[in-house]
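1. sequence unknown, structure follows:
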Ligand SMILES: Cc1ncc(C[n+]2csc(CCOP(=O)(O)OP(=O)(O)O)c2C)c(N)n1
Ligand SMILES: Cc1ncc(C[n+]2csc(CCOP(=O)(O)OP(=O)(O)O)c2C)c(N)n1
Ligand SMILES: [Mg+2]
Ligand SMILES: [Mg+2]
């Protein structure tokens, strides 16, 4: 795969077309039917949650949120392959992978409602919190890769970044360090065509993002990120390569952010209806669904019957998050150091004295 | 040239061999004999100065200095092509180009003796001071390139960096910005095999440094940096391309730092005699000299007769620099802002009061 | 006119007047910036003068250094204070040093616009107020307007300055304060503080969004019979010692109100100035109201961190009763 | 043993004792670092544990964050204080936040070794002393030893800490002070200042290379009949308020001596602490001796900038005579 789809040859790796038809059987991954349906359901769950969050946001029940809408195949494919002990180093648009890793929707809700507690993942092992400073997290992925290699562990790191993120110096340093160290990291660029309002062609003059792998002497491949099977296959082979010590790998997953950048963003300012429609035809969920329906593994009816359950479950977790309870003042101090310095203790007391005083002033 | 020596094909562009024999006439640049001899003399002057500075340093007459020894062909070739109005954005190992641009040896001496005045170039137009923070200067080159394009000027920027510098995020951002903006910048990587003690292969796993051009969609080429003619030709074509709006260009000039990293460095700690000898055979001055002698344009006798003159001139400028005179206290304040803030004025007065007081205490 | 409009107006005026002015940064072109501060400017002045850069802060400031030495006047935007750090090296090692390094031969007239501060229910890294670290960088000027009128006049002055200027914009009050703003061009000199209210019992120094909080506290103070002299610092560096000195000599008491973390913050420097200029006049220890030495909390915890009118009044009362 | 040997010894001890300790940075492996601090360690512990990284400071600190969350204890070197800035974002946005961000789930026990300070006739960017900006970063600890003995004990403590620690090494006295240093392992708690000399007229706070300069000034002070209490701060953050408070209550006078630029420097914070803890005991304004607000000059001008014994004594005299 890496040879046939060498990024220098400017071919994008695809397995199914927009209608869910298999293009070349050779690349079709072997996934048993039941599992495939489960995966589809997980994607559907993630998409439903994503859309629902946006509507919670509209109701003023949650703060800024970056939708995943349209990019579900990438996160799902990574989610299938990532093991409990593997490491996930997310950016902020990988809900599907986070859920697969064991992060709960409730935790994500808490985070976007403004609680750090939402990043204290109860069940997701080896999962870093969402990283906001663009591309910076990729260096963490490279460092974790070093630790894995040093400890001779059988683990892989999944590091995510956006197309815009490839312009940052940290992207360069991360893939370069990983290349020099030969560590098991899969760098996945979600090329969703925009960094906020800035199109990918304004980020770089390079022919693709995958081709940047050459600059670091690592394997690279451009994949149709809206083609679940292509992403599945590409990640499968990447994981294998990493486990054999042939990492790192750079995957450019070509996709489209169907929603806004965040709930504060208005995409009509910078992109056209035509473009959006063009990409609508490539929607990853539709493509996978078409495949499943053609194989009689799924039906609109099943979808209609499962959606209300999903919505209910999402709502349940959302309401749990909404009722999460107070945020104690000391929590802003407690986690700064392994042991609290006296200065911070004093600041807590000061804060308490102030609140005490304030309570006498505010009726 | 850029096509035939596409960095993806892993060929290094060479014109003469180690003995000064032309390898392929097709690439031999047309330089008239007189000019060629002048160039050689300039190179000889630069090398002589370089070696002399190291000995001044051993005498304790100058502080830390980074020798150019062995890298003279690169700086010389750039020096021939750079025009008065072109911009030079040096790192710190490009003496030949700086001299060609009109920087005086005395200014360089002043700088390395510890006077900022040495960077206030009296005659060198459009020349930035030496830049110490590795790779950071390349962004200035890209920005200047933007200004040139914006003002529709017929100018080119020469931006230098070392092999080690290619690992920094700023290298990535600079070439990337220049690529997106399509600005007339020639990025020249002096790959002298080491960043202090660290060999290039520990900087990156990429097959070459030239190949990194691909990541930015810009033209790139790997050149034998110890082959003056190859460097001449590569820069000539790069300048042409830039003037036609086909920039930026990334040149990897393969060379060897024959001296120490700086006068505080001891290369025996990290490289072998064998390696040094191997490179000795590729010395750029010897190769050009062999060529010139074979063409009867130069002789050892001429060299012997000119060297004392060079040494004397270098010494003269050095002694002028040594007698440069005092460094007024207010000079550390004067250039901080376009107008001096009151605070700094107060600090000057404070300093004067202190010196006043001190003069009564120190006998 | 609110502060967003005022800043836009200042940019518009300078773009119209001076061809060397170039405005760029992440999403400032087509979209007009995430806060819409540069809205409409690309349409008006073209994509060569107002444009989106690649997503790289060091790249933005580093190329601005190059443009500036080559004679342009770049006005760049960092999207949030929390994202300026990748540009730190270019700011501290080059933008603020070129003139000194070249003994005045080269200049770097760059304006770095920086929306900063909390109180907007934002994600992590979107609420920071780290002016103190920038104030400590020799060669940089750091200014902060507190009203639309000031924002316009100070930004025009900044663009006309030959220095590198960090122009910090209190995004919390981007749209919160509306005010008549004079048409056309005017400048407000950088480095001068503004005595907003004369008073006699205590001097309060603040800037940016904190000015408004102090004003709220002053209502309480007035009720309690305390007369506050309010100084809008406007410039974090250089600091207007004279105005501070004069005020604290009069009141004998001084409090500095800032949003950022406390230790090595702006407050202690203002106190030091009071010490140096007016020690014998002091009737209470110069004090500070500031953030705690912690990461700005996510929205649900931010109220524990932010300075509100009560906290300021609390400190005023303590200082006056000292 | 000088400070270079002492630091090397500390690294050696921790590398031997704890397999999770990893030492890397630019040229620290084969060459043993440009100051030879890591000399011999790669030979002894292998290139997996002590090695040269690519030339990229953000890369070094950023990968250290990754290693640390995955259970290693990276001890990385930044070659000079002037070259730490590309790593600023990784320090301020991640190394110092991971624990807080994950509510204690993740830890980043990283030691960043940072040779700093002037007085060594170096090129531009090689003489800086910017501890104040690091002291302002919530979540970071910033410590500075002033002797070989302290360097060893503090570095071992730093490596054993679970926090991210900026370990600043006063390179000017790397080899200038020799001292008996105990064999084997010992630690010096981080965050505690050290009262080096008891005195009664004035408290002088210093750290790193400045301690020695103060000691020289104390000879002059003694001659002038002034009794100085010398505090080696040791930790720029957290600050040992208690030790400072106790001392200034006794002496009534305090001076802080630092190398870095003045405004928003360490001095004003120490003064503020004196104000908060001992206002009524103060007999003179808390003062500071510091660099000016300029770029550290190249060697020929550096004497105009550096704090020497005379300048310190000058300030001591002024303060005592106030
Ligand atoms: C260092 C940094 N600079 C700027 C921002 C503001 N910002 C948030 S998302 C974003 C665009 C990211 O684009 P891309 O990498 O393509 O990811 P996407 O949002 O498309 O998933 C920007 C500029 C940031 N978070 N971090
Ligand atoms: C940002 C930064 N980090 C570290 C250094 C210290 N340093 C000076 S030269 C050098 C090696 C540079 O290697 P290379 O880029 O190959 O240039 P060369 O010295 O070989 O010409 C290093 C690490 C520096 N000057 N700047
Ligand atoms: Mg994107
Ligand atoms: Mg090199």
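-> Arrived safely, thanks for sending. Predicted, not measured: the structure shown is a model, and the values here were computed from it. Ligands and ions are numbered 1, 2, ... in the order given.
2. On the three-state scheme, residue A:131 is what?
-> Local secondary structure at residue A:131 is given as coil here, using DSSP: H, G, I helix; E, B strand; the rest coil.
3. Run through the residues that contact it.
-> Taking C-beta atoms under 8 Å, 6 or more residues apart in numbering or on different chains as the contact definition, residue A:131 lies against A:89-92, A:137, A:140, D:94. For every residue, glycine as well, the C-beta is placed using N, CA and C.
4. Would you mind measuring from it to ligand 1?
-> 9 Å (C-beta to the nearest ligand atom, to the nearest Å).
5. same thing with residue A:172?
-> When distance is defined by C-beta to the nearest ligand atom, residue A:172 is 14 Å away from ligand 1.
6. Would you agree that residue is in contact with residue B:169?
-> Yes. Using C-beta atoms under 8 Å as the test, residue A:172 is close enough to residue B:169 to be in contact (5.5 Å).
7. ok, those two, which is more surrounded?
-> residue A:172 (33 against 30; other C-beta atoms under 10 Å in any protein chain shown).
8. Looking at that one now. What's its pLDDT?
-> The model reports residue A:172 with a pLDDT of 98.
9. three-state assignment of the nearest residue to it once chain neighbours are set aside?
-> Excluding the flanking residues, the one nearest residue A:172 by C-beta to C-beta, 6 or more residues apart in numbering or on different chains is residue B:172, at 3.5 Å. The three-state label for residue B:172, taken from three-state DSSP, comes out as helix.
10. One more: residue C:168?
-> Secondary structure for residue C:168, judged by three-state DSSP, is strand.
11. Spatially nearest residue to it, not counting backbone neighbours?
-> Using C-beta to C-beta, 6+ apart and skipping the chain neighbours, the partner closest in space to residue C:168 is residue C:144 (4.5 Å).
12. could you list every residue that touches the one you found?
-> Residue C:144 makes contact with C:131, C:168-170, C:207-208, C:233-236, according to C-beta under 8 Å, 6+ apart.
13. Now, those that are in helices?
-> When the contacts of residue C:144 are checked against helices (DSSP state H), the matches are residue C:131.
14. Each with direction, which strands does the strand or helix carrying residue C:255 pair with?
-> For residue C:255, the enclosing helix or strand under DSSP states H and E is strand C:254-257. Pairing partners of strand C:254-257, with direction, according to DSSP bridges: strand C:202-206 (parallel), strand C:287-289 (parallel).
15. hey, which of those is tucked in deepest?
-> Among these, strand C:202-206 has the highest mean neighbour count (mean count of other C-beta atoms under 10 Å in any protein chain shown), at a mean of 30.
16. who in chain C is up against chain A?
-> Contact residues, chain C versus chain A (C-beta under 8 Å from any C-beta of the partner chain): C:26-27, C:30-32, C:34, C:52, C:54-59, C:82-83, C:85-86, C:121-126, C:262-263, C:292-295, C:297-302, C:304-305, C:310-311, C:314.
17. filter the residues you listed by proximity to ligand 3?
-> By C-beta under 5 Å from the ion, no member of the residues of chain C next to chain A lies near ligand 3.
18. Out of those, which sit inside strands?
-> For those, the ones inside strands are residue C:52, with DSSP state E as the criterion.
19. which ones are touching the residue nearest to residue C:45 when sequence neighbours are not counted?
-> If the residues on either side of it in the chain are set aside, residue C:45 comes closest to residue C:15, at 5.0 Å by C-beta to C-beta, 6+ apart. For residue C:15, the contacting residues are C:21, C:23, C:41, C:44-45, C:49-50, taking C-beta under 8 Å, 6+ apart as the criterion.
20. So for the residue positioned nearest the centre of chain A, what pLDDT did the model give?
-> Taking C-alpha atoms, centre = their mean as the criterion, residue A:94 is the residue nearest the geometric centre of chain A, at 1.5 Å. In the prediction, the pLDDT value recorded for residue A:94 is 97.
21. Test my guess that it contacts residue A:78.
-> Yes. With contacts counted by C-beta under 8 Å, residue A:94 reaches residue A:78, the gap being 7.3 Å.
22. Overlap of the contact sets of these two?
-> Taking C-beta under 8 Å, 6+ apart as the contact rule, residue A:94 and residue A:78 both touch residue A:160.
23. follow-up on the earlier one: can you name the element that comes right after the strand holding residue C:255?
-> For strand C:254-257, the following helix or strand on the C-terminal side (DSSP H and E) is helix C:266-278.
24. Please name every helix or strand in contact with that following helix.
-> With contacts defined as 3 or more C-beta pairs under 8 Å, 6 or more residues apart in numbering or on different chains; DSSP states H and E, the packing partners of helix C:266-278 are helix C:131-135, helix C:241-251, strand C:254-257, strand C:287-289, helix D:266-278, strand D:287-289.
25. which other residues reach the longest one?
-> Same thing as helix D:266-278. For helix D:266-278, the surrounding residues in contact (C-beta under 8 Å, 6+ apart) are C:263-264, C:267-269, C:271-272, C:275, C:285-288, D:131-132, D:135, D:205, D:233, D:236, D:239, D:241, D:244-245, D:248-249, D:252, D:254, D:256-258, D:260, D:282, D:285-290.
26. of these, buried ones?
-> In terms of neighbour count (16 or more other C-beta atoms under 10 Å in any protein chain shown), the buried residues within the contacts of helix D:266-278 are C:263-264, C:267-269, C:271-272, C:275, C:285-288, D:131-132, D:135, D:205, D:233, D:236, D:239, D:241, D:244-245, D:248, D:252, D:254, D:256-258, D:260, D:282, D:285-290.
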